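K.L.:
The following comprises the amino acid sequence and a computationally predicted model.
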Amino acid sequence: MYNSEKIKNILYSKKNIVLLGHINPDGDAVGALIAFGGYLRGLSYNVTLITPNEAPHFLRKLKDFHTISDFSKNEALLIPKIEKADLIFCLDFNELDTRIGDVAMYALKNVKAQKVLIDHHQNPPLDLYDAAVSDTNASSTCYLVFKILEELGELDRITQEMAEAIYVGMMTDTGNFSYGNLTPDLFRVLSVLVEKGANPVALNSMVFNTQTESRMRLMGYVLYEKMEVTANGNAAYIALSAGELRRFNYKSGDTEGLVNLPLSIADVTLSAIFIEMPDCIKISLRSRGADAVDVNLFARHYFVGGGHKNAAGAKFFGTLEDAVKQFEKGIDELKLEK
Ligand code: 5GP
Ligand code: MN
């Protein structure tokens, strides 16, 4: 079911393996890189783990984080590794053109390497890959990594460091186990990870209790001054300009999670955040509830983006105001009701 036989066959006779995570790596991408990378290293493959840019601070506390290289800081070293690879794993993303930035050029150019996808995002372009474990029902890629190792009969190879990485990916992609496909099997997997040494209290604290003072103040500012509730109280959005980010000493990752805050309001079932980045407006969309808006479709229809039913993202090339206008047009057309 998790294509492990095919992966096993593809691994046979390979030597140099590159694992890629997506741009603006999150807990799931980093966790999957550490865990699957750790497994392959344990089998004595020559493994290179790459994220296109840097990961947020809290993830750098994962014990094996140092096994990951940041492409934006080590291009000269990493390009030859990609070119030399005979196998490339793509973890936690599926679109080579929009999700991995400059790394894509080299990954695509390298025709020698076979490519394997392990991912849970919608609409995978499967023809780009030689094999794929693509399960859009899975709540995280880390869960899939575990399932593959289990199907391969390799659970004994999961070290404490790998267990912690998988746990963090599963925890962050489900909003601390509060949304997504929270199946009985997910909790069984967690129990195995805890047996292998993942400490839920310590990992929870590592991920959620590591805010800087300026990030906390940014959150206060966002809630008090910037949150706009609209569509009869059923939707909310936050728009942050580059100037506002500067005012709160913005660091990569500081805006992570802010989009979820309005969803704590009883009637708000759709939330968006617009962040003015140097090259574009970065948009995050979230929805919740029984009749949740499919924000993956919303992001595809109104913006250039995608993701999942309850969590999606997009880029907008224009002003912050125009991005918000486009969003309002979208929610007008949805006609959200109480
Ligand atoms: P976030 O809002 O946390 O950046 O992303 C939420 C989800 O939407 C993630 O699963 C991510 O893969 C997806 N996503 C975010 N930005 C983009 C984008 O620009 N394009 C596409 N296709 N998906 C995105
Ligand atoms: Mn993910």
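P.N.:
Cool, got the structure. Ligands and ions are numbered 1, 2, ... in the order given.
K.L.:
need the residues of the stretch 51-200 of the chain near ligand 1, please.
P.N.:
Contacts of the stretch 51-200 of the chain with ligand 1, taken as CB under 6 Å from any ligand atom, map to E95, T98, H121. (C-beta placed from N, C-alpha, C; glycine too.)
K.L.:
For ligand 2, state which of these is nearest.
P.N.:
H121 (7.2 Å; CB to the ion).
K.L.:
got the contact list for the closest one?
P.N.:
Contacts here follow CB atoms under 8 Å, 6 or more residues apart in numbering; on that basis H121 touches D92, F93, N94, T136, G306, G307, H308.
K.L.:
go again using 10 Å as the cut-off
P.N.:
22, 92-95, 99, 134, 136, 138, 141, 296, 306-308, 312 (CB atoms under 10 Å, 6 or more residues apart in numbering).
K.L.:
ok, now N176?
P.N.:
N204, V207, F208.
K.L.:
Dump those to CSV, plus pLDDT, neighbour count and secondary structure.
P.N.:
Formatted as CSV, the contacts of N176 follow (pLDDT from 0 to 100; neighbours: other CB atoms under 10 Å; DSSP: H, G, I helix; E, B strand; the rest coil):
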residue, pLDDT, neighbour count, secondary structure
N204, 97, 15, helix
V207, 94, 19, helix
F208, 91, 13, helix
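K.L.:
For the nearest residue to G180 once chain neighbours are set aside, what is the enclosing helix or strand?
P.N.:
What sits nearest to G180 in space, not counting adjacent residues and going by CB to CB, 6 or more residues apart in numbering, is S139, at 3.6 Å. Following DSSP states H and E, one finds S139 outside all helices and strands.
K.L.:
Could you do V133 as well?
P.N.:
strand 131-134.
K.L.:
As PDB, could you dump the C-alpha coordinates of that strand?
P.N.:
These are the backbone C-alpha positions of strand 131-134, laid out as PDB (Å, rounded to 0.1, in the frame of the first residue of the first chain):
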ATOM      1  CA  ALA A 131       7.800   6.000  -8.000                       C
ATOM      2  CA  ALA A 132       5.400   7.800  -5.600                       C
ATOM      3  CA  VAL A 133       3.900   7.400  -2.200                       C
ATOM      4  CA  SER A 134       1.300  10.100  -2.500                       C
END
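K.L.:
What's the first helix or strand after that strand?
P.N.:
Next along from strand 131-134, by DSSP H and E: helix 141-151.
K.L.:
Give me the helices and strands touching that following helix, please.
P.N.:
helix 4-11, helix 27-42, strand 87-91, strand 114-119, strand 131-134, helix 160-173, helix 184-195 (3 or more CB pairs under 10 Å, 6 or more residues apart in numbering; DSSP states H and E).
K.L.:
Can you lay out those as JSON lines showing mean neighbour count and mean pLDDT?
P.N.:
Shown next, in JSON lines, are these (neighbours: other CB atoms under 10 Å; pLDDT from 0 to 100):
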{"stretch": "helix 4-11", "mean neighbour count": "15", "mean pLDDT": "95"}
{"stretch": "helix 27-42", "mean neighbour count": "26", "mean pLDDT": "98"}
{"stretch": "strand 87-91", "mean neighbour count": "27", "mean pLDDT": "96"}
{"stretch": "strand 114-119", "mean neighbour count": "23", "mean pLDDT": "96"}
{"stretch": "strand 131-134", "mean neighbour count": "21", "mean pLDDT": "96"}
{"stretch": "helix 160-173", "mean neighbour count": "26", "mean pLDDT": "98"}
{"stretch": "helix 184-195", "mean neighbour count": "14", "mean pLDDT": "98"}
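K.L.:
would you list those in JSON lines and tack on distance to F71?
P.N.:
Listed next are the helices and strands packed on helix 141-151 as JSON lines, based on distance: least, CB to CB, whole Å:
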{"stretch": "helix 4-11", "distance to F71": "23"}
{"stretch": "helix 27-42", "distance to F71": "12"}
{"stretch": "strand 87-91", "distance to F71": "13"}
{"stretch": "strand 114-119", "distance to F71": "17"}
{"stretch": "strand 131-134", "distance to F71": "23"}
{"stretch": "helix 160-173", "distance to F71": "19"}
{"stretch": "helix 184-195", "distance to F71": "29"}
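K.L.:
List just the one of those that sits closest to E151.
P.N.:
helix 4-11 (4.0 Å; CB to CB).
K.L.:
contact partners of that closest one?
P.N.:
3, 17, 40, 43, 45, 86-87, 89, 114-116, 118, 130-133, 147-154.
K.L.:
Can you name the residues that contact V168?
P.N.:
Taking CB under 10 Å, 6+ apart, one finds 26-28, 30-31, 34-35, 58-59, 61-62, 140, 142, 193, 198, 203-204, 206-207 in contact with V168.
K.L.:
now do N199
P.N.:
Q160, A163, E164, Y167, L193, S205, M206.
K.L.:
From what I see, the third one and L62 are in contact.
P.N.:
This points to E164. Yes. With contact defined as CB atoms under 10 Å, E164 reaches L62; the gap is 6.3 Å.
K.L.:
tell me, what's touching the two both at once?
P.N.:
With CB under 10 Å, 6+ apart, E164 and L62 have common neighbours G31, I34, L203, M206.
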